[in-house]
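Chemist: Show me the folded form of this:
(chains A and B)
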Amino acid sequence: MLLIYLASLYIGIPIILSGVFDPAPGIFRSAIETSSETECSFLTGEQMQRRLSENNHEAFPRGEIFKEDMIECIARVLPVTERPARVESVLSKLSSQIPEIVRTAKLRVPDKTVWRVEAIHEDSGVAEKVATAAKTSLAELRDSVFEQAPILGVNAVITFSKMKMSEGLPMLCREYASHLGQNEKLLALFQVNPAETQFHAGLCTHTGDWQWLL
Amino acid sequence: MAFIIVRRILRLIAGLASIVSASCANASEPVLPEEVSLLERSRAAVASELQLMSADLLDEFVFGLKVNPIFATRSNVVLGGVNVPYGFGAGMTAYLENHFAELILKNPETRMELVHCPECSAVVAHSGPRATVMGRGLRLNEVLSSAGIGTIAKYAVFMDIEAEKSQLVLRGRITEIRENLPIVYARTISTSTTSPVLLRSSANLKSASEARQEYLDVLRNSPFFSFPIRVGVHNYAQYSPQATDPWVERAAGGGLLIPPLVWFIVGAETSFSQSRVWTAEFNLGITNQIDSHDGWLAGGRFSRLISGRMRSLTEPDLYLVLGGAVTSLRGNTAASFRKNSLNVAEIIAKRTGAQPRASFSSFRLALEARVKNRVSLSAFLESMPAFSGSSNFGTYLDAGLQFQSAGMEVGFWF
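Modeler: Below you'll find the model as predicted:
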């Protein structure tokens, strides 16, 4: 009796306290906190088996009674509420979205192209981050890239800001053209609709021709 | 199997509790000053962790330049800019600029000579025949040629750090300082929140895998046994047949008052893994008070870490302890350690000079806080089954099992 009593305390208390460290919603953590502080994804069958074997989980001889899904939650570097939602939606996808655009752009140009990159976003900080991701991706693919984008005059920028994106970009390309050399192409990254989180891309040549990429 | 069922029941209860608490919550409640303060503290903790992770990325970036230098000869380099994660300010930028400078200074194998260039970071306006443009000196072609920045240094380093979900990503570029700044080197490095920060030394920079191996070697070479020395006080509850609350018994008086015993205990402790989640200990103790008693005990204990998944190197750890001991006492105090009152034979024996003796077993439940496995403080409850229902002992806690003794211990590890 004594041993059963002590053993139940000894096993029960750590189980309850382990809930403090469990990222899943429960007594110690609300669903909102969980989704804000962690990045969770369902594991595939193969990933699940690998995790179980890593944790020395033994299957029951007559099979599992409960059908289980496994969700892997990794702590986010910054809580999702730390930055404005529109900014977070762009910055959290830099590593996945921008290299994909860069690969698409590379297919459309000759091998010896020299790249200039410009990103357009209402927040100049976000625009710089997007342009940096694109330039680094291109340079890592051993393409020639200029760090510096062409700098337009103030009048051109003011005119562009008053136009629709679909009309403004070809106009902007004509302005950029005078700054581009013969082998140079400008990769422009932008969002057509302020509500969307996906970036679009277009190419501008030294002749002032504008080409939509995606 | 039973363990899984218990866990599922607990989760079910937890789920129901969260539903109830969510339905009772009032979303329109104003934010209290305490909550704002808590938020600020939480943000400071995030920033602190972010700085360490960023420094780790810079270490890896410079280590890459050290192993594979991109310059044939030693070259002057300007730090063109460090962009910190969106929303973080100049303080973090300054910290990372300083850390990068320290890394370059202490690792000459990179063949980089960092030079100061105030013209590069100054915001300037330039009016030309085509337009008036504004920007940082390094980024304006017109300023590059007129200010002679190209004569100060041949290359510039640009770095950008950004938090992307669970990853912190560094994008580093090195450019030539000439028109349009052509990129000559670029590298993207990321670190995840799942891997601990390596805290590498700036001098003699090592790769991430070497630093991790060094860390593991230190852990593996930690001694198999550690030797705690503890000093503890055991108090015994006073018996009172009238009172029902054991804590009231002591105040009300009534039964025999057993003096507290001071124990000096030495032990040998080992753990089952480097994480020290489970530890086991064997110990021996002595107690002595002139003209009152002397005695010894021999026991063992298991400890289970409950404040985390592994022993912390920086924060105190909390263990739940389960132990048992056999104790032998001799002297006047020992006469109290019995189930019933003294009988005539014992009173006669005492008059003839024979010393009372008592031997008994005890089981202990304790909470122990340890700091870096060097010092500890524990509070415990002890049950002595031989004295269950004794007219000499009261109880501090009666939860089916009677705990007649309570106390505290201070420990030092060697």
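Chemist: Looking at chain A, what residue ends up closest to chain B?
Modeler: Nearest to chain B, among the residues of chain A, is residue A:153, at 2.8 Å (Cβ to the nearest Cβ). Quick note: C-beta positions are derived from backbone N, CA and C, even for glycine.
Chemist: Relative to residue B:256, how far out is the closest residue to residue A:140 other than its chain neighbours?
Modeler: Computed as Cβ to Cβ, 6 or more residues apart in numbering or on different chains, the closest residue to residue A:140 that is not its neighbour in sequence is residue B:186, at 5.2 Å. Distance of residue B:186 to residue B:256, computed by Cβ to Cβ, to the nearest Å: 82 Å.
Chemist: what does residue B:357 give?
Modeler: 17 Å.
Chemist: Residue B:198 now?
Modeler: Distance of residue B:198 to residue B:256, given as Cβ to Cβ: 61 Å.
Chemist: if I pick the most centrally placed residue in chain A, what's in contact with it?
Modeler: Nearest residue to the geometric centre of chain A (Cα atoms, centre = their mean): residue A:93, 0.7 Å. Residues counted as contacts of residue A:93 (Cβ atoms under 8 Å, 6 or more residues apart in numbering or on different chains) are A:197, B:164.
Chemist: make it 10 Å
Modeler: A:100, A:133, A:197, A:198, A:199, B:164, B:165 (Cβ atoms under 10 Å, 6 or more residues apart in numbering or on different chains).
Chemist: want to try a markdown table for those residues, with neighbour count and pLDDT as columns?
Modeler: Shown next, in a markdown table, are the contacts of residue A:93 (neighbours: other Cβ atoms under 10 Å in any protein chain shown; pLDDT from 0 to 100):
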| residue | neighbour count | pLDDT |
| --- | --- | --- |
| A:100 | 14 | 93 |
| A:133 | 29 | 96 |
| A:197 | 14 | 84 |
| A:198 | 13 | 88 |
| A:199 | 23 | 91 |
| B:164 | 22 | 92 |
| B:165 | 21 | 88 |
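Chemist: In JSON lines: the residues you listed, plus secondary structure and distance to residue B:386.
Modeler: Formatted as JSON lines, these follow (DSSP: H, G, I helix; E, B strand; the rest coil; distance: Cβ to Cβ, whole Å):
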{"residue": "A:100", "secondary structure": "helix", "distance to residue B:386": "74"}
{"residue": "A:133", "secondary structure": "helix", "distance to residue B:386": "73"}
{"residue": "A:197", "secondary structure": "coil", "distance to residue B:386": "71"}
{"residue": "A:198", "secondary structure": "coil", "distance to residue B:386": "75"}
{"residue": "A:199", "secondary structure": "coil", "distance to residue B:386": "77"}
{"residue": "B:164", "secondary structure": "strand", "distance to residue B:386": "64"}
{"residue": "B:165", "secondary structure": "coil", "distance to residue B:386": "60"}
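Chemist: could those go into JSON lines alongside distance to residue B:402?
Modeler: Formatted as JSON lines, the contacts of residue A:93 follow (distance: Cβ to Cβ, whole Å):
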{"residue": "A:100", "distance to residue B:402": "69"}
{"residue": "A:133", "distance to residue B:402": "67"}
{"residue": "A:197", "distance to residue B:402": "64"}
{"residue": "A:198", "distance to residue B:402": "68"}
{"residue": "A:199", "distance to residue B:402": "70"}
{"residue": "B:164", "distance to residue B:402": "58"}
{"residue": "B:165", "distance to residue B:402": "54"}
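Chemist: got the residues of the stretch 201-350 of chain B near chain A?
Modeler: Within the stretch 201-350 of chain B, the residues that sit near chain A (Cβ under 10 Å from any Cβ of the partner chain) are B:277, B:302, B:304-309, B:318, B:320-324.
Chemist: Scan these and report the most crowded one.
Modeler: In terms of neighbours by other Cβ atoms under 10 Å in any protein chain shown, these top out with residue B:305 at 22 neighbours.
Chemist: who touches the closest residue to that one other than its chain neighbours in this structure?
Modeler: Once flanking residues are discounted, residue B:305 sits nearest to residue B:277: 4.6 Å by Cβ to Cβ, 6+ apart. Residues in contact with residue B:277 (Cβ under 10 Å, 6+ apart) are A:14, B:271, B:303, B:304, B:305, B:306, B:308, B:309, B:310, B:311, B:317, B:319.
Chemist: repeat that for 8 Å
Modeler: Under the criterion of Cβ under 8 Å, 6+ apart, the contact list for residue B:277 reads B:271, B:304, B:305, B:309, B:310, B:311.
Chemist: returning to that earlier point: for residue B:357 and residue B:256, indicate the residue with more neighbours.
Modeler: residue B:256 (16 against 13).
Chemist: which SSE is residue B:41 in?
Modeler: With elements taken from DSSP states H and E, the one containing residue B:41 is helix B:33-67.
Chemist: ugh, wrong one, residue A:98
Modeler: Assigned by DSSP H and E, residue A:98 falls in helix A:94-107.
Chemist: in that helix, what's buried?
Modeler: By neighbour count with 16 or more other Cβ atoms under 10 Å in any protein chain shown, helix A:94-107 contains the buried residues A:94, A:95, A:97, A:98, A:99, A:101, A:102, A:105, A:106.
Chemist: quick one: contacts for the second one?
Modeler: When contacts are counted by Cβ under 8 Å, 6+ apart, residue A:95 is found next to A:133, B:164, B:167, B:169, B:188, B:190.
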